[in-house]
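here's a sequence, model it:
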Amino acid sequence: MSLLRRTKIVVTLGPSLDDPDVLKRVIAEGADVFRANFSHGTHETHEQRITMVRELAKQAQKIVAILVDLQGPKIRIARFKNKKIQLQEGQPFVLDTTLGEDEGTEHAVSLDYKHLPHDVSVGDTLLLDDGRIVMRVEQTEADRINCRVMVSGELSNNKGINRLGGGLSAEALTDKDRADILVAARLKADYIAVSFPRHADDIKEARTLLKAAGCSAGIIAKIERTEAVMHIEEIIRVSDAIMVARGDLGVELGDAELPGVQKQIIHQARSLNKPVITATQMLETMTYNTIPTRAEVSDVANAVLDGTDAVMLSQETAVGKYPDKAVAAMNRICLSAEKNPSAKISRHRLEVHFKYVDEAIAMATMYTANHLDIKAIITLTESGTTPLWMSRIKSSIPIYGLSRHAATQRRMALYRGVYPIPFDATHLDRRLLNQAAVAELQQRGILMEGDLVIITKGDLIGVHGKTNSMKIYTVSRTAPSRKEDASAQPDAS
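Numbers count the residues shown, from 1 in each chain. Prediction:
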């Protein structure tokens, strides 16, 4: 059996994946989650791309999740008459909200966020274009910010602005985001990413809007503001997953602070039983090159060793020249990092009192699996909660989440070390359930005679949150066919 990668790969949709042949190769190379970035493109384009992903994934018999990434209040400059300008160190420059949207010059440009002059003070440092241009605030007026260029360079249309240290007052959800949530609900997205949340209330608002739209998608909080880091625990608790969005976060914190904060967020998310995605510039040079740099390889590997559930590709797959090669590179880096012994050792929740029975079963399963020669873990699940808890424990043992719900299968595609399999237990004789679950994996070539597996399930099949049993099971013989299942001898459990 080929080596299973535990860390999941998120790829961003874009023009480079509009070719079905390229998208097929990306799926074949191991993409688990497809991200539709609503900062760009039309709703029609996103729908076409998502539809094609689902069709091709189904053809490949691969379960993948769809992540809709909301734009959020990205604060940007407007546009220049000549599309771009060249700024010199020491020159004055004005951010002027009264200018026309296309009237920027080498002296001033307008803003899309008109409240910015009230959010900054004299002496503040503003970073434009992900920190490539640096300006110091010298004077503020009701509708203007008078700056001086500290780091020079080329500045073009619609580039973002951050304040070093954070503190901008823009709300996380814009009118565009509220409209996009309705579209995401209609498209049956599996995850919705909220950009620039400041505190837990931003996530709660998004969840309220999602529920009103009849959508049960998981909510991913993108950590990209200083304020979010300050409120990280409360944000993690109300979210379904976390994304370390290192672009804007690195600009606001300062690049030297980012690695430590990344490790902190990954640790806290895992401690609170939430999946975490590490994103931004992971293999950026592969946008134009066929191989990554050694620094990029180390970056990805270190995120894996820290326990991230997923690593994300952005422009590498959205607009890059070699999207399939980028996914292939990510795959082999993750596999190599996962061979390290530290990726298989965990002390997670060893001294914690468990609140739920199914959580206790999940922890007992992983402890047993890591101390016995277990080939695989089979968890029969309705909501995916038990395999999520299992995935918080570092291990090299694959966790197979068997569920009858397609939405649960897709949700599990993000969880580290969890492999979703369609399986409906509700029509089976309960006495034959263990044997049928094992047979499903035998038929897929995953298990062989003599293998030891652990099976978890609940007494009440088809009911959420009722996992209450764990059994160690020895695979006895070649898998029976579906017809044979009906007449097979009951198992002892």
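
show me where the stretch 151-300 of the chain has strands.
Using DSSP state E, counting those that start in this stretch, the strands assigned to the stretch 151-300 of the chain run over residues 153-156, 161-163, 191-194, 218-223, 241-245, 276-279.

and the contacts of the third one?
When you say that, I think you mean strand 191-194. Counting contacts by CB atoms under 8 Å, 6 or more residues apart in numbering, the residues outside strand 191-194 that touch it are 33, 35, 65-70, 72, 172-173, 177, 181, 184, 202-203, 206, 210, 215, 217-222, 240-241, 243, 411, 414. (Glycine included, C-beta is placed from N, CA and C.)

so which of those are in helices?
Asp177, Ile181, Ala184, Asp202, Ile203, Ala206, Leu210, Arg411 (DSSP state H).

go through these and name the one nearest Asn302.
The shortest separation between Asn302 and any of those is 26.6 Å, and it belongs to Arg411 (by CB to CB).

contacting residues around the closest one?
Arg411 makes contacts with Ala65, Asp190, Tyr191, Gly218, Gly384, as judged by CB under 8 Å, 6+ apart.

6 Å - rerun?
Taking CB atoms under 6 Å, 6 or more residues apart in numbering, we find Arg411 in contact with Asp190, Gly384.

for it, give its distance to Ile63.
10 Å (CB to CB, to the nearest Å).

and for Val26?
As defined by CB to CB, Val26 lies at a distance of 15 Å from Ile63.

so which of those two has more stuff around it?
Val26 (26 against 19; other CB atoms under 10 Å).

give me the element that one is part of.
For Val26, the enclosing helix or strand under DSSP states H and E is helix 20-29.

wait, isn't Thr408 in contact with Pro387?
No. With contacts counted by CB atoms under 6 Å, Thr408 stays clear of Pro387, the gap being 9.3 Å.

more neighbours: these two, which one.
Regarding Thr408 and Pro387, a neighbour count based on other CB under 10 Å identifies Pro387 as having more, with 30 against 21.

now do the contacts for the more buried one.
Applying CB under 6 Å, 6+ apart to Pro387 gives the contacts Thr379, Thr381, Ile399, Gly401, Met412, Val418.

how about 10 Å then?
Shown here is Pro387, whose contacts under the criterion CB atoms under 10 Å, 6 or more residues apart in numbering are 362, 365, 377-381, 399-403, 408, 411-412, 415, 417-420, 456, 467.

can you count the residues close to Pro117?
The burial count assigned to Pro117 is 19, neighbours taken as other CB under 10 Å.

phi and psi next, for it.
Listed backbone geometry of Pro117 is phi -60, psi -20, with angles given as degrees, to the nearest 10.

could you check the pLDDT of it?
Looking at Pro117, its pLDDT stands at 95.

Ala269 too?
At Ala269, the pLDDT recorded in the model is 96.

can you work out which residues contact both of Arg411 and Ile63?
Among the neighbours of Arg411, those also in contact with Ile63 (CB under 10 Å, 6+ apart) are Gly401, Pro420.

can you pull the contacts of Ala326?
Shown here is Ala326, whose contacts under the criterion CB under 10 Å, 6+ apart are 9, 11, 16, 26, 29, 282-287, 289-292, 313, 315-317, 320.

hey, where'd the helices end up in the stretch 201-350 of the chain?
Taking DSSP state H, counting those that start in this stretch, the helices of the stretch 201-350 of the chain run over residues 226-230, 232-238, 246-253, 258-271, 294-306, 315-318, 323-338.

quickly compare those helices and say which is most buried.
When the helices of the stretch 201-350 of the chain are scored by mean count of other CB atoms under 10 Å, the highest mean neighbour count falls to helix 315-318 (a mean of 26).

extract the C-alpha trace of stretch 4-13 and format it as CSV.
Coordinates of the C-alpha atoms in stretch 4-13 are reproduced here as CSV (Å, rounded to 0.1, in the frame of the first residue of the first chain):
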residue,chain,number,x,y,z
LEU,A,4,-0.6,7.9,3.2
ARG,A,5,0.0,11.6,3.7
ARG,A,6,-1.6,12.8,7.0
THR,A,7,-1.3,16.5,6.4
LYS,A,8,-4.0,17.8,4.0
ILE,A,9,-3.3,20.1,1.0
VAL,A,10,-5.6,23.1,0.2
VAL,A,11,-5.3,24.5,-3.3
THR,A,12,-6.7,27.8,-4.6
LEU,A,13,-8.8,27.8,-7.7
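
got the buried residues for that stretch?
When neighbours are counted by 16 or more other CB atoms under 10 Å, the buried residues of stretch 4-13 are found to be Arg5, Arg6, Thr7, Lys8, Ile9, Val10, Val11, Thr12, Leu13.

a markdown table for the residues you listed, including distance to Thr105?
As requested, the buried residues of stretch 4-13 are arranged in a markdown table below (distance: CB to CB, whole Å):
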| residue | distance to Thr105 |
| --- | --- |
| Arg5 | 51 |
| Arg6 | 53 |
| Thr7 | 48 |
| Lys8 | 46 |
| Ile9 | 44 |
| Val10 | 40 |
| Val11 | 39 |
| Thr12 | 34 |
| Leu13 | 36 |
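
which of those lies closest to Ser110?
Of all these, the one with the least separation from Ser110 (CB to CB) is Thr12, at 29.0 Å.

quick one: residues contacting the closest one.
Under the criterion of CB under 10 Å, 6+ apart, the contact list for Thr12 reads 33-37, 40, 67, 69, 279, 312-320, 323.

again, 8 Å this time
Taking CB under 8 Å, 6+ apart, one finds Phe34, Arg35, Asn37, Met312, Leu313, Ser314, Gln315, Glu316, Thr317, Ala318 in contact with Thr12.

now Met135, nearest residue through space, not along the chain?
Nearest residue to Met135 in three dimensions, chain neighbours excluded: Cys147, at 3.9 Å (CB to CB, 6 or more residues apart in numbering).
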